[in-house]
Structures are given as C-alpha cells and as structure tokens.
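In: Here is my input, please return the structure:
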Amino acid sequence: MSSPYAWLYRMEGSALCRVSGAIPAAFLNRCAAAGVPVGDVEPESETQMRVTIPLRALQRARRIALRSQCELTALEESGARVLGRRLARRWVAAVGALAAFALLAWSKLYIWEIEVTGNKTVSTGAIRGVLSDCGVGIGTFWPDLVSDNLRSEVLVRLPQLAWATVNIHGSRAEVIVRERIPKPALFDPDEAVDLVAERTGFVTEVRALNGTAKVKPGSAVLPGETLIAGGADSAFSGSREVHALGSVTAETYYELYAAAPAQAQVRTQSEKEKTRWAVLIGKNRVNFYRNSSICPDACDKINTIWECRIRGLFTLPLALVRERYTPYVCTRQDRDKNALRREMEALLHARLLSAVDGGEIEQETYTCSEAAGRLVVCLRARCSENIAKEQKK
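Out: Numbers count the residues shown, from 1 in each chain. Presented below is the predicted three-dimensional model:
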C-alpha cells in the first residue's frame, strides 16, 4: 500500500484484486470520492488493472465497481485477519503455535547457555565452576540474580581476575572477565645474587657487567658452579654484595633419545555401524533404547548433538543426541620405519631447540637402531649458549 498507514492495512488484512471494465479509471475516481483506500495500482491492459484493497473495505469496493460498470475479482488475501481465520480452522496448529510461544517466553527467563570470554590463563572450566558455586548455572532463574553481588563473589573466589561481569541476553549468559597483570620483577642492584652454571660446558666467552668473574674462556664448568660472583671491591668501603649481571657463553653437548614400537595396532571395523538416539531436556536425558548407554570396550563412539537454538536470539533446554558406534578389532602391522624415523628426528630437534632456548646449534647428528621390537633414535648435538642463571646467596 502506498498509504503511510500501510503497516496497519497489512495487520488488519488486505486483498490483491483485479479490476476489469471499459474504463477502470472510473473505479479509482469513485473509490477516492467514497474514501475507500486503494493502493499498489498496476495496469495490466487498457481494460484491466491490479489494486490492493483493505479487507474491511472490500465489500464497498465491489459495490463501487458495479456502479462503475467494472468487475472486481479478489486474487489473493493476506494479513493478520486472514492468518487468524486459517488458524481458527486449524486449531491444532494454533494451539501448537501458542504453546511454542509460551515455551519460548518461559525459556528466556532461565539460563541455558553460558559463554565465557576474556580469559587466557584462568580456564573456562574454573570460571564456570565458580559461577556454579555462586548460583549461576544451566537452568538458573536469572531475574533472581544480583549483578553486583555476583561480580564481587566471583572476584573473591578467583583472585587472578581483576574484573568480571555477567550480561544476560535472553537465555544466554555472557561472562566477560579481565585477568590481573602480574607485577614485574623489580631489579635490586644491592641484592646478593650470583650467576651460576645451569649445565656442564666449556666456557668460550665471559661478559661480567656487574660482579666478579670467577671463570675464564677455556674453563670447564659443572652445573651449580659460580661463574660471576655477586661481590665487588671498593677503594672506600671494601667488599660489598651486588646483583651480578652478565653472560657466560659456553660450548655444551646434548644427547637425546626417542623410542617407538616398530609395530602398531591397526583398527579394522568388525561389525556394521550402529546408531542410537536420545533427547536432552534441561539436565535430564531420555534414551530411545533399552540397554545401557555404555558401549562395548572395542568400539569407536561419535556423539552428535543438535541444540534447539538460534545463536544470539534464543536457546531452548532441548537437544537431540545421535550416538554412532562402530565395533572394531585390532591387528598388529609393521610401521614404515623411514617415516617413523623422520617423525622422531623432528621430535628430537624440537626438544633440542626448546632446551637451547636462544642458543646456537653448531652440529647435530642422528643415529638409529632397532632393539627388542623398538626403533631408537639418538640425537647428539654441540651447541653454543649462555649457561649463566641467577642464584640468590
């Protein structure tokens, strides 16, 4: 409808009509004079046109069409009144629609989904556990919650958090947290700290920025041996304790091992895949099978859950569960030794990089052997790295 009250016409109902006659324009003129709203005029030919008329004025429009020597035919009716008449004839559908509306309205008063954002070090499970202890969980009646009290209790129970809030969006609870930033370690130049060897090596370079060097290039050191002592001599006050600073580069050696069985167990499907169904209603589960939900020991089980929800709009405490499990038997087969060796060499190389942590790998060699049904790979490496670490006196 072209009228500014078109939405009102759609609510009360309208009819798409065809007007046929020698002069269809006469029908439009008479409707305008009688105050009958006509919209969406679409000419089809010189003697026909389509118009939209509100249902409340349809009978008057038919009488006007007769006086205008035209024929008015209703092609299609739409709107709330038409839908109401259809639902009245289908009372089961009407009752179902009302029940669905009531269920949706009721479900929005309870929390059926909890989403946690903003956490990095504190696990989502820990936050949800504290929320459960505070009375916020699946099925909680959220109008009873007091936001300020809940936030304070969560921060008391989780001191790792600096800030937290719980926002309710229908039946979804959005928990937003901010974690505390740990205090940086303060450097005290007068603290008595030595630099000691973290591992065995041959010293190649010593840089003592503060303190007294105890080793020289070419020296062999053992773990725990003092490299740079936290002491300094002064011409005015004698010896005093300081925080040792510097680095000691040494040549270090690593020998790492990795072992894996030369044979592997391979699963082969022994029976046809079976499917079972269940329904989750709130916290309760209804199984559509008689036996226990525990599957046999030798089987693969895959669960698929379809929740009754539209993300960001609503969530209902209803879900359909499909369980598929496939029985299998295990057989032992020889593994590809070349591929297995490459896999273990990559694993050992990653372990070496983690151990050196910023140092330089100068040489690395791999050896492989097989014994007692296992493939053993050995990595021997020579590295250059800073072996000094702080140790308080």
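
In: any idea of the mean pLDDT in stretch 217-227?
Out: Here stretch 217-227 scores 92 as its mean pLDDT.

In: buried stuff in it?
Out: Ser219, Val221, Thr226, Leu227 (16 or more other CB atoms under 10 Å). All C-beta spots, glycine's among them, are computed from the backbone N, C-alpha and C.

In: so the spatially closest residue to Ala208 that is not a sequence neighbour, which of the three states?
Out: Leaving aside its sequence neighbours, Ala208 sits nearest to Gly246 (CB to CB, 6 or more residues apart in numbering; 4.3 Å). At Gly246, secondary structure determined by DSSP: H, G, I helix; E, B strand; the rest coil is strand.

In: Gly246: neighbour count?
Out: 16 (other CB atoms under 10 Å).

In: in this protein, which spans are helices?
Out: 6-12, 24-34, 58-67, 80-89, 91-107, 124-133, 147-157, 337-356 (DSSP state H).

In: Could you spell out the sheet neighbours of the biggest strand by length in the chain, each with its direction?
Out: If you go by DSSP state E, the chain has its longest strand at strand 314-334. Applying DSSP bridges to the sheet, strand 314-334 is found paired with strand 263-269 (antiparallel), strand 274-281 (antiparallel), strand 299-310 (antiparallel).

In: just to revisit the earlier point, export the helices of the chain to JSON lines and tack on mean neighbour count, distance to Ile168 and mean pLDDT?
Out: What follows is the helices of the chain, written out as JSON lines (neighbours: other CB atoms under 10 Å; distance: least, CB to CB, whole Å; pLDDT from 0 to 100):
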{"stretch": "helix 6-12", "mean neighbour count": "14", "distance to Ile168": "31", "mean pLDDT": "62"}
{"stretch": "helix 24-34", "mean neighbour count": "16", "distance to Ile168": "52", "mean pLDDT": "89"}
{"stretch": "helix 58-67", "mean neighbour count": "16", "distance to Ile168": "46", "mean pLDDT": "90"}
{"stretch": "helix 80-89", "mean neighbour count": "12", "distance to Ile168": "31", "mean pLDDT": "67"}
{"stretch": "helix 91-107", "mean neighbour count": "12", "distance to Ile168": "13", "mean pLDDT": "76"}
{"stretch": "helix 124-133", "mean neighbour count": "16", "distance to Ile168": "13", "mean pLDDT": "89"}
{"stretch": "helix 147-157", "mean neighbour count": "15", "distance to Ile168": "9", "mean pLDDT": "85"}
{"stretch": "helix 337-356", "mean neighbour count": "14", "distance to Ile168": "45", "mean pLDDT": "93"}
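
In: Take those and lay them out in a markdown table including distance to Ala192.
Out: Listed next are the helices of the chain as a markdown table, based on distance: least, CB to CB, whole Å:
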| stretch | distance to Ala192 |
| --- | --- |
| helix 6-12 | 82 |
| helix 24-34 | 102 |
| helix 58-67 | 99 |
| helix 80-89 | 85 |
| helix 91-107 | 65 |
| helix 124-133 | 38 |
| helix 147-157 | 38 |
| helix 337-356 | 29 |
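
In: Against Glu307, how distant is Tyr289?
Out: Tyr289 is 21 Å from Glu307, where distance means CB to CB, to the nearest Å.

In: before we move on, what about Asp144?
Out: For Asp144 relative to Glu307 (CB to CB), the value is 24 Å.

In: Looking at the two, which has the bigger crowd around it?
Out: The residue with more neighbours, out of Asp144 and Glu307 and counting by other CB under 10 Å, is Glu307; that gives 16 against 8.

In: pLDDT weak spots in the chain?
Out: 1-11, 81, 84-91, 93-94, 233-238, 291-297, 312-314 (pLDDT under 70).

In: tell me the domain ranges of it?
Out: 6-83, 113-179, 193-251, 256-262+334-384, 272-288+295-330 (automatic domain parsing).

In: start to end distance for the shortest one?
Out: By CA to CA, to the nearest Å, the extent of domain 272-288+295-330 from end to end equals 16 Å.

In: what sits against the residue nearest to Phe187 when sequence neighbours are not counted?
Out: Leaving aside its sequence neighbours, Phe187 sits nearest to His243 (CB to CB, 6+ apart; 6.9 Å). By CB atoms under 8 Å, 6 or more residues apart in numbering, the residues touching His243 are Phe187, Asp188, Pro189, Asp190, Glu191, Ala192, Val193, Asn210, Gly211, Gly230.

In: from those, which single one is nearest Glu42?
Out: Phe187 (82.8 Å; CB to CB).

In: Any idea how many residues pack against Tyr253?
Out: Residues near Tyr253, counting by other CB under 10 Å, number 13.

In: Across the sheet, point out what pairs with it.
Out: Arg382.

In: could the domains of the chain go into JSON lines alongside distance to Trp106?
Out: Formatted as JSON lines, the domains of the chain follow (distance: least, CB to CB, whole Å):
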{"stretch": "domain 6-83", "distance to Trp106": "24"}
{"stretch": "domain 113-179", "distance to Trp106": "10"}
{"stretch": "domain 193-251", "distance to Trp106": "64"}
{"stretch": "domain 256-262+334-384", "distance to Trp106": "54"}
{"stretch": "domain 272-288+295-330", "distance to Trp106": "10"}
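
In: Out of those, which is closest to Ala99?
Out: Ala99 lies closest, by CB to CB, to one member of these: domain 272-288+295-330, at 12.3 Å.

In: so how far is that closest one from its chain's centroid?
Out: 20 Å (CA atoms, centre = their mean, to the nearest Å).

In: same deal with stretch 194-203?
Out: On CA atoms, centre = their mean, the centre of stretch 194-203 falls 45 Å from that of its chain.

In: Please apply the same query to stretch 342-358.
Out: Distance, centroid of stretch 342-358 to centroid of chain: 31 Å (CA atoms, centre = their mean).

In: One more: stretch 126-134?
Out: 18 Å.

In: which residues are contacting that stretch?
Out: Under CB under 8 Å, 6+ apart, the answer for stretch 126-134 is Ile114, Val116, Asn119, Gly137, Leu150, Glu153, Val154, Arg157, Leu158, Val166, Val175, Val177.
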